[in-house]
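*Asks:* this is a predicted model, with the sequence first.
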Amino acid sequence: MTNQVQGILKDDTGRRIVTAAFCCNGHNLIDGENPLMDGLSTLHLRVHSSKSGDVDIYLSPIQGDSRVIGGEEISRDELLDISCPVCGTPFEVVAPCYCHNGMFVAIYLKPDCQYREAIVICNSWGCKHSFVKLESRIILSSS
Ligand SMILES: [Zn+2]
Ligand SMILES: [Zn+2]
């Protein structure tokens, strides 16, 4: 494995794997206590649904992999508030998503909240878009 940037690993099959992600208060969302996917620790978020209330979800740490644990009760395309499961701080909205429904929120790869090293996810439930923004390069993936 080569370490491209702090918080992202590229494995032998070329997959980019997020190994650390933080809220602005420095809570690590990828914890060894989280459920595993393909043997990897998932990324824990809390989402607020107007119909289902607060729901804990665990995202695949593999870039472009839309698998998620939790949230089965949330309606497709519902717009969610996404926050840190530890302190409840909402993540910053940074741009409209390509799905024309949701917005991308930034989740930082370092505890100091530098947007240039962040992953972004769409707040529209079921949207498949996610990408990793690294300085001037955007690595886009959708499935
Ligand atoms: Zn937090
Ligand atoms: Zn979207």
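*Replies:* Noted; the coordinates are in hand. Ligands and ions are numbered 1, 2, ... in the order given.
*Asks:* so the spatially most central residue of the chain versus D12, what's the distance?
*Replies:* By C-alpha atoms, centre = their mean, the chain has its centre lying nearest to I121, at 5.1 Å. Taking C-beta to C-beta, to the nearest Å as the measure, I121 falls 25 Å from D12. All C-beta spots, glycine's among them, are computed from the backbone N, C-alpha and C.
*Asks:* how about the strands in this structure?
*Replies:* 2-5, 8-10, 16-18, 36-37, 40-41, 43-49, 53-59, 68-69, 81-83, 93-96, 103-108, 117-122, 130-134, 137-141 (DSSP state E).
*Asks:* show me what the closest residue to V120 other than its chain neighbours bridges to in the sheet.
*Replies:* Counting by C-beta to C-beta, 6 or more residues apart in numbering, V120 lies nearest to F104, which is 4.0 Å off, once chain neighbours are set aside. Beta bridges link F104 to A95, C122, judged by DSSP bridges.
*Asks:* which residues does F104 contact?
*Replies:* V93, V94, A95, P96, C97, V120, I121, C122, N123, H129 (C-beta atoms under 8 Å, 6 or more residues apart in numbering).
*Asks:* so which of those is the most crowded?
*Replies:* C122 (25 neighbours; other C-beta atoms under 10 Å).
*Asks:* gap between stretch 79-93 and the chain center?
*Replies:* Between the centre of stretch 79-93 and the centre of its host chain there is 11 Å, according to C-alpha atoms, centre = their mean, to the nearest Å.
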